[in-house]
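Undergrad: give me the fold of what follows.
(2 chains)
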Amino acid sequence: MRILRGLGCTLIAAAVWLSSLHWFFERAPAAVAGPLAARQLALWSGDPALEPSLAQLRRGNPEWDLMARMFAVLAFANIALDEPLARARYLAAIDRIIERTQADVALGGMHAFLLPYGRARPFVDPAGRSIFVDGELALMMAAREAVEADPARAEAARAQVQLVVDQIERAPKLLAESYPDEAWLFCHAVALAAIALHDASANAPDRHRMLFQRWIAHAKQLVVDPGTGLLAARTTRAGRVLEGPEGSTLWVAATMLRLVDDDFAREQYARARAALRGSFAGFGWAREWPASRPGADDIDSGPTIPLVGANAGSSGLALIAARAFGDEPFATQLIASLELAGFPVEGGVHFAAGNQLADAAMLYAVTRNALWHRVLGGSS
Amino acid sequence: MTARRTLIVIASLVAAGFTMLHLAGGRACVEVLSGTPAANHGALVLGVLYVVAWFGFVLVTPIGLLALGLDAGCAKVISAWRKSRAGVTRTPR
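TA: Take a look at the predicted model:
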């Protein structure tokens, strides 16, 4: 009898505690953004901690270095649009990031931000460029122009965007290479968003409308997985799928594609949410792969927690998409999980479970997406 | 040792272990959760232990303490009910 009573009390205690635990970890996006923004801005404003932080990223994966810069620029651009008094400081940091990235590309070429296997064979496209590197740089430059046009930088931004347009147009199925004969959909979504954002800033929103329509048509025909209806992560330049749908691609791709084809982007988000979302007791997470298309952990996915399938990378990027699509219930759950399992330190200036890329991506996620609002207007 | 005392000891040990790992700087070593390479093997071990202790501290300790409180409350209610029932049966009509 006493054992049964103890067991019953434990079950009731577990139910009470687990159902209320999320209240201790839920925070408003703005409260998460403040300390993160202060730290990211300091890093890109001369803090000596920047170099060791970037070196740590590069030890893990040189791609993370570039992605951290891109998410920082997008976050800074959002803040600069929302906080006119702070605009000059954030613009200065954006310019520093862009100039540093341009210098790194000038010095090391595309391989400055590619994994070593990128050197194993030549690019199929004789230009030998990576849509990953050019696209992310183009998005940074387009974001800068969208916040405040600078005549001294306008031509460079236009040329960078044109570089990306040309790469996509040269590919027979509009699938340019991120790595030799590998087209990553994450990179295409970023590159297309760069083009759309630049067009919007130039008051020519329809300049590449036909390219967008052709790209979406090709993607639906070749890249969308027939079983799940989700975009695959990686194809060859000819459009043969090499890797199926992945959370770490889908959440960002859907967010970026809002600027290209909002209906298609919304459909991808809804499908990704249905296939990848997990939640329990007020906490949310995302799987890296749909249950029907399981995959193995790799350098892009990071580790996955068994049984529930929670993946840190996919969950973090899901927050970007949840916020971009106004899915506040999921965003609230993801922030609660971030505060519980992301291990914020020093008042939330950094998430110890991640790195500078994670901090920059989370900052982008919790800022109001003023850049996208500017392009999408009322529909956002 | 009674079950109650065992629960108290477990909850205290988890809390003490977590505090020690926290003071040892374990919170700064959990980057492995995102696939970021740890600075060295020691940091990796410290980080993994910290994660285990954190979830123990956040999940196991409070549930254990709540269960203890509930169990103690139940015991009191049952004891009072038994006493009152015994009193009722002994009361002459």
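Undergrad: burial measure for the closest residue to chain A within chain B, as a count.
TA: Nearest to chain A, among the residues of chain B, is B:Gly35, at 3.1 Å (Cβ to the nearest Cβ). Every residue, glycine included, has its C-beta placed from N, CA and C. A count of nearby residues for B:Gly35, using other Cβ atoms under 10 Å in any protein chain shown, gives 22.
Undergrad: again, but for the one 5 residues further on
TA: For B:Asn40, the count of nearby residues is 10 (other Cβ under 10 Å).
Undergrad: quick one: it and A:Ala353, what's the gap?
TA: 18 Å (Cβ to Cβ, to the nearest Å).
Undergrad: try A:Ser19
TA: On the measure of Cβ to Cβ, A:Ser19 and A:Ala353 end up 24 Å apart.
Undergrad: so which of the two has more stuff around it?
TA: A:Ala353 (23 against 12).
Undergrad: residue contacts, residue 63?
TA: Picking chain A for this. A:Phe113, A:Leu114, A:Leu115, A:Phe132 (Cβ atoms under 8 Å, 6 or more residues apart in numbering or on different chains).
Undergrad: oops, I was thinking of chain B
TA: A:Thr10, A:Ala13, A:Ala14, A:Trp17, A:Leu18.
Undergrad: which phi and psi does the residue of chain B closest to chain A have?
TA: Dihedral pair for B:Gly35: phi 90, psi 10, per degrees, to the nearest 10.
Undergrad: isn't it right up against A:Gly302?
TA: Yes: here B:Gly35 reaches A:Gly302: they are 3.1 Å apart, a contact under Cβ atoms under 8 Å.
Undergrad: hey, what's in contact with both of those two?
TA: A:Ala312, A:Gly313.
Undergrad: give me the contact list for whichever strand or helix holds B:Trp54.
TA: Assessed by DSSP states H and E, B:Trp54 sits inside helix B:41-55. Outside helix B:41-55, the residues within contact range by Cβ under 8 Å, 6+ apart are A:343, B:14, B:17-18, B:21-22, B:24-27, B:29-33, B:38.
Undergrad: quick check: residues of the stretch 251-380 of chain A near chain B?
TA: A:297, A:299, A:301-303, A:312-313, A:316, A:340-341, A:343, A:345, A:352-355, A:358 (Cβ under 8 Å from any Cβ of the partner chain).
Undergrad: top helix in chain B by residue count?
TA: Longest helix in chain B by number of residues (criterion: DSSP state H): helix B:61-90.
Undergrad: mind listing what's buried along stretch B:66-74?
TA: B:Leu66, B:Ala67, B:Leu68, B:Leu70, B:Asp71, B:Cys74 (16 or more other Cβ atoms under 10 Å in any protein chain shown).
Undergrad: Serialize these to TSV and add fields for distance to A:Ala219 and pLDDT.
TA: Formatted as TSV, the buried residues of stretch B:66-74 follow (distance: Cβ to Cβ, whole Å; pLDDT from 0 to 100):
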residue	distance to A:Ala219	pLDDT
B:Leu66	51	93
B:Ala67	53	91
B:Leu68	57	90
B:Leu70	56	91
B:Asp71	59	88
B:Cys74	61	88
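Undergrad: residues in contact with the residue nearest to A:Leu21 when sequence neighbours are not counted?
TA: The shortest distance from A:Leu21 to any non-neighbouring residue, by Cβ to Cβ, 6 or more residues apart in numbering or on different chains, is to A:Ala281 (6.6 Å). Taking Cβ under 8 Å, 6+ apart, we find A:Ala281 in contact with A:Leu18, A:Ser19, A:Leu21, A:His22.
Undergrad: do B:Gly64 as well
TA: A:Thr10, A:Ala13, B:Leu7, B:Ile8, B:Ile10, B:Ala11.
Undergrad: point to the residue nearest the middle of the chain.
TA: Assuming you mean chain A. A:Val252 (4.3 Å; Cα atoms, centre = their mean).
Undergrad: sorry, should have said chain B
TA: B:Thr61 (1.9 Å).
Undergrad: next, the closest residue to that one other than its chain neighbours: phi, psi?
TA: In this structure, B:Thr61 finds its nearest non-sequential neighbour in B:Ala11, 4.5 Å apart by Cβ to Cβ, 6+ apart. Dihedral pair for B:Ala11: phi -60, psi -40, per degrees, to the nearest 10.
Undergrad: which element follows the strand or helix carrying A:Ala157 toward the C-terminus?
TA: Counting by DSSP H and E, the element that carries A:Ala157 is helix A:151-170. Next in sequence after helix A:151-170, counting helices and strands by DSSP H and E, comes strand A:183-184.
Undergrad: list of residues touching that following strand?
TA: With Cβ under 8 Å, 6+ apart, strand A:183-184 has contacts from A:131-132, A:171, A:175-178, A:233-237, A:239, A:249.
Undergrad: coming back round to it: and the contacts of helix B:41-55, which are buried?
TA: A:343, B:14, B:17-18, B:21, B:26-27, B:29-33, B:38.
Undergrad: narrow those to those in helices?
TA: B:Val14, B:Gly17, B:Phe18, B:Leu21.
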